[in-house]
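Peer 1: For reference, the sequence and a predicted model appear below.
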Amino acid sequence: MKTIEEINQNIIELRRNGQSVKKISDSYHTFGDYIDMRNIYFIALCNAYPELSWKSKKHFDEENDPMFEGDFIAGIFTPDGPITQHLKLKFWDELSVQEIERAPQYDGYTEEDVKIRIKSLNGGNVHERRKKFPKKQYQLVDNNLVKTNSKNLYNKRKCKNWSCMFTLNEI
């Protein structure tokens, strides 16, 4: 029987040789199944919080870090920070969130950070926080969360950490 390390190495070799690993299975689900479910869960999460979510066809630094062919990036701001995911363009119309020109700059979060950030949507006064953010009242401008008025002018209050989006006052 192979060790987990050997199996992982085999998977890496398959990918290096251009072979898809999406059909590798644990006898219940394939990698492809898990990827599809993750994409669907993320889309549902963003659509559940449209006022906190966005999508873009460009990375923050598109010149040095171009978007993957056939993909886009979507994200959601949580009380503990943003989370993002790359998705195939076939999912673009399934996201009912605002489109922004460029994704916010990646803050270096880890998988553990993502778990904490997603859980932060369940805790505390999230429903109260949501009431403070009517759809499209806030927008990302130059990687800052800013309030828009009826004339679409931007308030230039800079949000240095993402948690401040939940404490912005009427300006």
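Peer 2: Nice, thanks for sending it over. Numbers count the residues shown, from 1 in each chain.
Peer 1: Show me what counts as buried in stretch 45-54.
Peer 2: 45-46, 49-54 (16 or more other C-beta atoms under 10 Å). Where C-beta positions appear, they are placed from N, C-alpha and C, glycine not excepted.
Peer 1: what does the average pLDDT come to for that stretch?
Peer 2: Averaging pLDDT along stretch 45-54 yields 93.
Peer 1: Pull the contacting residues for the residue nearest the centre of the chain.
Peer 2: Nearest to the geometric centre of the chain sits Thr84, at 2.0 Å (C-alpha atoms, centre = their mean). Going by C-beta atoms under 8 Å, 6 or more residues apart in numbering, Thr84 touches 73-75, 103, 106.
Peer 1: Filter these down to just the ones in strands.
Peer 2: Judged by DSSP state E, the contacts of Thr84 include 73-75 as members of strands.
Peer 1: Same list (those residues) but as TSV, adding neighbour count and pLDDT.
Peer 2: Output for the ones in strands among the contacts of Thr84, formatted as TSV (neighbours: other C-beta atoms under 10 Å; pLDDT from 0 to 100):
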residue	neighbour count	pLDDT
Ile73	22	95
Ala74	25	96
Gly75	22	95
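Peer 1: Where do the helices of this protein begin and end?
Peer 2: 4-16, 31-48, 111-120, 126-131 (DSSP state H).
Peer 1: out of these, nearest to Gln98?
Peer 2: Of all the helices of the chain, helix 31-48 sits nearest to Gln98, with 10.4 Å by C-beta to C-beta.
Peer 1: quick one: that closest one to chain centroid distance?
Peer 2: 11 Å (C-alpha atoms, centre = their mean, to the nearest Å).
Peer 1: Next, the angle helix 4-16 makes with that helix.
Peer 2: Interaxial angle, helix 31-48 versus helix 4-16 (axes from the mean of the first three to the mean of the last three C-alpha atoms, to 10 degrees): 80 degrees.
Peer 1: In this structure Ile116 contacts Asp80, no?
Peer 2: Yes: at 5.7 Å, Ile116 counts as touching Asp80 under the criterion of C-beta atoms under 8 Å.
Peer 1: neighbour count winner among these two?
Peer 2: Taking neighbours as other C-beta atoms under 10 Å, Ile116 and Asp80 compare with Asp80 leading, 18 against 14.
Peer 1: In space, what's closest to the more buried one - neighbours in sequence excluded?
Peer 2: Ser120 (4.0 Å; C-beta to C-beta, 6 or more residues apart in numbering).
Peer 1: give the contact list for Arg38.
Peer 2: By C-beta under 8 Å, 6+ apart, the neighbours of Arg38 are Gln85.
Peer 1: What of the one 5 residues further on?
Peer 2: By C-beta under 8 Å, 6+ apart, Ile43 lies in contact with 74, 87, 91, 94-95.
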